[in-house]
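> Build me a model from this:
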Amino acid sequence: MTPFRKMQGLGNDFVVLDARSRAVPVNAAIAKRLADRNFGIGCDTVVLITPGTAAADAGLRFFNADGGEIETCGNATRCVARLLMDERGLARVRLESKGGMLNCADAGNGLVTVDMGVPETEWGQIPMAEAKDTVSFPLPLEGSNITASAVRMGNPHCVLFVEDALRAPVTVLGPRIETHPLFPTKVNVEFVQIQDREHMRMRVWERGVGVTLACGSGACASLVAAVRKGLSARKVEMTLDGGKLGLEWREADGHVLMTGPGVTVFEGQVDLDALK
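Below is the predicted model of the structure:
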């Protein structure tokens, strides 16, 4: 049997497996079964904590509900950072992911701040299949006239600014944009309402998952997109379906900071062999 933790950050939920001291054989098929809410434990993303290095306290691997491995996950990073800081009595930890190094700090009151690094905004970095002005570009979809923005925040994001996030056609446009040929590695899709220059409301369609209650990297990408379009300040409060995040795109060094909770829901054991 393999120990696991069920964790959540604003309702974006995770099965966290610790492979720092023992091998945990997770692949796409096992991750998909673990994430299944009827035949597994159920989660948006499976997270594997791997041994640290000279540069990092631990490594992170992320598998979305469809089994696909992704580069980074902001909400899951906060959860693991909270876990490791509490475990070792630390105020800061460094976590390494395929999307880059993530510096995390205790922000008090159970909150964690993650330095998500510098966003990438060139079309080839997203990546996109053809050259576009990522601040604002037309996105051809049959029956829809859409203008979008694109940002890479460790992973790819397509941001749509809408009048009312609650009424946005997330389940209609989300899957169509996720698999649009303009995005060869697929893309996360954010629907963002500007409430004022310091407050936004966001809903999200996550690549390989579907609708989730929150997306940390998506919230960061949305802030970057809003600032680049002149729609918001560099420091904002983002409301998602699962709660609120504090966000800042620092002018001094270009890094994006995200602050929010990371919570353990329960612990258990799972028979990974039974899932093969």
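
> tell me the domain boundaries of this protein?
Here the domain assignment for the chain is 2-113+262-275, 137-254, based on automatic domain parsing.

> Now render those domains as CSV, adding mean neighbour count.
All C-beta atoms are positioned from the backbone trio N, CA, C, and that covers glycine. Converted to CSV, the domains of the chain look like this (neighbours: other CB atoms under 10 Å):
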stretch, mean neighbour count
domain 2-113+262-275, 18
domain 137-254, 20
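
> want to throw those into TSV with mean pLDDT?
Below are the domains of the chain laid out as TSV (pLDDT from 0 to 100):
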stretch	mean pLDDT
domain 2-113+262-275	95
domain 137-254	97
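
> Nearest to Gln125 among those domains would be which one?
Smallest distance to Gln125 across the domains of the chain (CB to CB): 5.1 Å, for domain 137-254.

> Could you name the specific helix or strand carrying Gly260?
strand 256-261 (DSSP states H and E).

> Name every strand pairing with that strand and say which way it goes.
According to DSSP bridges, strand 256-261 forms sheet pairs with strand 111-115 (antiparallel), strand 243-249 (antiparallel).

> next one: it to chain centre, how far?
11 Å (CA atoms, centre = their mean, to the nearest Å).

> likewise stretch 249-267?
Centre to centre, stretch against its chain (CA atoms, centre = their mean), the figure for stretch 249-267 is 10 Å.

> Please apply the same query to stretch 68-77.
Distance, stretch centre to chain centre, for stretch 68-77: 5 Å (CA atoms, centre = their mean).

> From start to finish, how long is it in a straight line?
Taking CA to CA, to the nearest Å, stretch 68-77 runs 18 Å from one end to the other.

> so which of the strands paired with strand 256-261 gets nearest Gly143?
That would be strand 243-249 among the strands paired with strand 256-261, by CB to CB, at 32.8 Å.

> and of the strands paired with strand 256-261, who's closest to Thr121?
Judging these by CB to CB, what sits closest to Thr121 is strand 243-249, at 11.5 Å.

> ok, Pro127 touching Pro184?
Yes: Pro127 lies in contact with Pro184 (CB atoms under 8 Å); the separation is 6.1 Å.

> Give me the contact list for the strand holding Gly260.
The contact list for strand 256-261 (CB atoms under 8 Å, 6 or more residues apart in numbering) reads 9-10, 74-75, 78, 82, 107, 110-119, 153, 216, 219-220, 223-224, 243-250.

> ok, now stretch 28-36?
Here stretch 28-36 makes contact (CB under 8 Å, 6+ apart) with 15, 26, 39-46, 63-69, 270, 272, 275-276.

> quick one: it to chain centroid distance?
Chain-centre distance of stretch 28-36: 18 Å, with CA atoms, centre = their mean.

> Alpha carbons of that stretch, as PDB, please.
The C-alpha coordinates for stretch 28-36 follow below in PDB (Å, rounded to 0.1, in the frame of the first residue of the first chain):
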ATOM      1  CA  ALA A  28      -0.300   8.300 -17.100                       C
ATOM      2  CA  ALA A  29      -2.600   5.300 -16.700                       C
ATOM      3  CA  ILE A  30      -2.200   5.100 -12.900                       C
ATOM      4  CA  ALA A  31      -2.700   8.900 -12.600                       C
ATOM      5  CA  LYS A  32      -5.800   8.700 -14.600                       C
ATOM      6  CA  ARG A  33      -7.300   6.000 -12.400                       C
ATOM      7  CA  LEU A  34      -6.300   7.800  -9.200                       C
ATOM      8  CA  ALA A  35      -8.000  11.000 -10.400                       C
ATOM      9  CA  ASP A  36     -11.200   9.200 -11.300                       C
END
